[in-house]
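1. have a look at this prediction, sequence included:
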Amino acid sequence: MSTLLELPARTPTAKPSVNPGSATGGRRLRMLVVTDTDLVLRGGSERFLTHLLEGLDPDRFSVDVVQLDRGDSTCGLQAIPISRSNIRLEYRPVRAIYGLAAWKVWRELRARVSRGDYDLVQSQHEKSDLLCALLPSGPLRISNRRDTGFQKGLMLRLLFVLLNHRFDLVIAPARAILTQLVEHAGIDQEQTHCLPNGVDCEHFLPWSGDEHCARRQAHALPPQQYLFGCAARMVPVKRHRDLIDAFAQVASVHPQAGLVLIGRGPLEAELRARVAGYGLTDRVVFHGEEADMASLLPLLDAFVMASSSEGLSNAIIEAMACGLPTIATAVGGNTELVEAGLNGFLVPPSAPDQIALAMGEFLTRPDLGRTMGRHARTRAVEQFSLPGMIAGYSSFYQSLQPEIG
C-alpha cells in the first residue's frame, strides 16, 4: 500500500488538554469510530463499544461506526441502523491492512475527514489504528488501546512506534496498558488518559444460596459442589491449561470441588483431552457459549482467570458484580480489579501451583470467599459500573480542548 505510505507528514499541533468545558459550543459532537471487529460478536471489546455507543446522549453525540469485519457479508457496504437514531453502523470488510480493500476504505475515510464531517476520530484495534493514524489533519484523533498488544509481532510494534505520534490522545481502560505504551511505544505521558470499563451492576447481581440448587439444575450444573468458573475464549493467551492443571491438584484433595469452563475456541478439543487425561470429566463442565452471563455467573462460588495477558477484563468485572471472589494472574489490568486479600487473590502467570493454593483457600475457608465476594460486589458498583463508564467517556469527549468547531 505505497499510497498510504506517501501520505504527507501531519502538521504538528499542540496536544489537546482534558479540561471541563463544552467541546462543540452546544451542537452535537460528530464522531467517527473505526473498529476491527463486528459488534454483533460478544467478546469483551465488542460489548464495551456497544454499551458505550448506546449509552451516549443522542442530543450530544452523533456517531458513525465503521467496522472492518463482518461475520456474514450479505450487507456488503450498506449502512445499517442500530437501536439509537444518532448512531449509524457501517461495514467495510478489510482482511489485511496491506490489501486493496484497506486502501479503498482509507480513501473513503480520508474524503470524509477532508470534508470536515467529524470533530473527532477514534480507532480501536490494530487495523483501525493504522488506517486512522494515516488520515489527514483535521479532527482530533484518538486511539483506544484495549490490551497490552500481546498479539503484535515485532514489525507491527515497530510500525506503531513510528505512527503513535500521529494520535492526539491515547486512551485505555487500564493504567497498566498506558504505562507499557509510555515505556515501550514512544507515547508521551501527557497524551494518555485512563477510562475504565464498566458493567451493568443492576443486571449482574448476586443470588442467595437458596436459589442455587434449582438454578444450577436448570443449567445442568452439579447442585452441591463448590464451583470455580472461568469465562474466556479457549485460546493460548487465556491459559486454560494452567487452570486445569491447578484444578487437578485441588480435585485430588477436595471431592466437593467442581470447575465450569464457559466459552469455546480452537483449543477446546485439546482441553477436553487434558481433562480426560486427569480422569476429571465428571468434575469439569464445558458449558460452551452463554448468551446471558448474568444468569450463570451467580451460580458459581468463585471466579478464576489464568491468562498471561489482559487489558481490563470485563469477565472479571461481571464476576465481581455477581459477588464472586476472584483468583487472577497479576498481569495487565487484573491488578487494578483484584485487591489481593480483599476481594480475591493475585497469582503469578503460568503458575498452576499458586492457582491451586488459592483455590484451596476458598475450599477450606468458605466464609473467606463469601466475605471477599461482598467486597468484590461493592468494588464493582463503586468503581466499574456501566453508568460510571458512560459518564466518564461523555465527560472526556466533551472536555477536549481547544474547542472543536
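-> Alright, I've got the coordinates. Residues are numbered from 1 along each chain as shown.
2. against C132, how distant is Y98?
-> Distance of Y98 to C132, given as Cβ to Cβ, to the nearest Å: 16 Å. Every residue, glycine included, has its C-beta placed from N, CA and C.
3. these two: which is more packed in?
-> Neighbours per residue, other Cβ atoms under 10 Å: of Y98 and C132, the larger number sits with C132, 26 against 11.
4. I would like the residues contacting stretch 280-287, please.
-> 219-222, 225, 244, 247-248, 251, 257-263, 268, 271-272, 275, 296 (Cβ atoms under 8 Å, 6 or more residues apart in numbering).
5. ugh, wrong one, I meant stretch 327-335
-> The contact list for stretch 327-335, computed with Cβ under 8 Å, 6+ apart, reads 147-148, 173-177, 228, 239, 302-313, 316, 337-338, 344-349, 351, 355, 358-359.
6. can I get the buried part of the residues you listed as one ChimeraX selection?
-> Applying 16 or more other Cβ atoms under 10 Å to these leaves a buried subset, and the ChimeraX line that selects it is:
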select :147,148,173,174,175,176,177,228,239,302,303,304,305,306,307,309,310,311,312,313,316,337,338,344,345,346,347,349,351,355,358,359
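7. now, the contacts of stretch 327-335 that are in helices?
-> With DSSP state H as the criterion, helices contain R175, A176, I177, I316, L337, I355, A358, M359 from among those.
8. other SSEs contacting the longest helix along the chain?
-> The single longest helix within the chain, with elements called by DSSP H, is helix 366-383. Applying 3 or more Cβ pairs under 8 Å, 6 or more residues apart in numbering; DSSP states H and E, we find helix 366-383 packed against helix 314-321, helix 352-364.
9. can you give the distance of that helix from its chain's centre?
-> Centroid separation between helix 366-383 and its chain, computed with Cα atoms, centre = their mean, to the nearest Å, is 21 Å.
10. quick one: the strands in the stretch 51-200 of the chain?
-> In the stretch 51-200 of the chain, the strands defined using DSSP state E, counting those that start in this stretch lie at 61-67, 79-81, 87-91, 120-124, 140-144, 169-172, 192-194.
11. who are the packing partners of the longest one?
-> Just to be clear, that refers to strand 61-67. Strand 61-67 packs on strand 29-35, helix 44-55, strand 87-91, going by 3+ Cβ pairs under 8 Å, 6+ apart.
12. how about these in JSON lines, adding distance to S123 and mean pLDDT?
-> Converted to JSON lines, the helices and strands packed on strand 61-67 look like this (distance: least, Cβ to Cβ, whole Å; pLDDT from 0 to 100):
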{"stretch": "strand 29-35", "distance to S123": "5", "mean pLDDT": "96"}
{"stretch": "helix 44-55", "distance to S123": "11", "mean pLDDT": "88"}
{"stretch": "strand 87-91", "distance to S123": "14", "mean pLDDT": "91"}
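13. and the pLDDT at R216?
-> Looking at R216, its pLDDT is 87.
14. I misspoke; the intended subject was P196.
-> 97.
15. now G360. Nearest residue, chain neighbours left out?
-> V250 (6.0 Å; Cβ to Cβ, 6 or more residues apart in numbering).
16. would you mind listing the buried residues in the helix or strand harbouring that neighbour?
-> V250 is part of helix 240-251, with elements assigned from DSSP states H and E. Neighbour-count burial for helix 240-251 flags H240, R241, D242, L243, I244, D245, A246, F247, A248, Q249, V250, A251 (criterion: 16+ other Cβ under 10 Å).
17. go on, stretch 129-146?
-> Going by 16+ other Cβ under 10 Å, stretch 129-146 has these buried residues: 129-135, 138-146.
18. of those residues, just say which sits nearest to L158.
-> Closest approach to L158 among these (Cβ to Cβ): L130, at 12.5 Å.
19. distance of the spatially closest residue to that closest one that is not a sequence neighbour from L32?
-> Spatially, and ignoring its direct neighbours in sequence, L130 is nearest to I97 (5.3 Å; Cβ to Cβ, 6+ apart). Going from I97 to L32 by Cβ to Cβ gives 18 Å.
20. residues contacting the residue nearest to G360?
-> Taking Cβ under 8 Å, 6+ apart, we find V250 in contact with A257, A356, M359, G360, L363.
21. what residues are up against the residue of the chain most remote from its centre?
-> The centre of the chain is farthest from one residue, V253, which by Cα atoms, centre = their mean lies 35.1 Å away. Neighbouring residues of V253 by Cβ under 8 Å, 6+ apart: G360.
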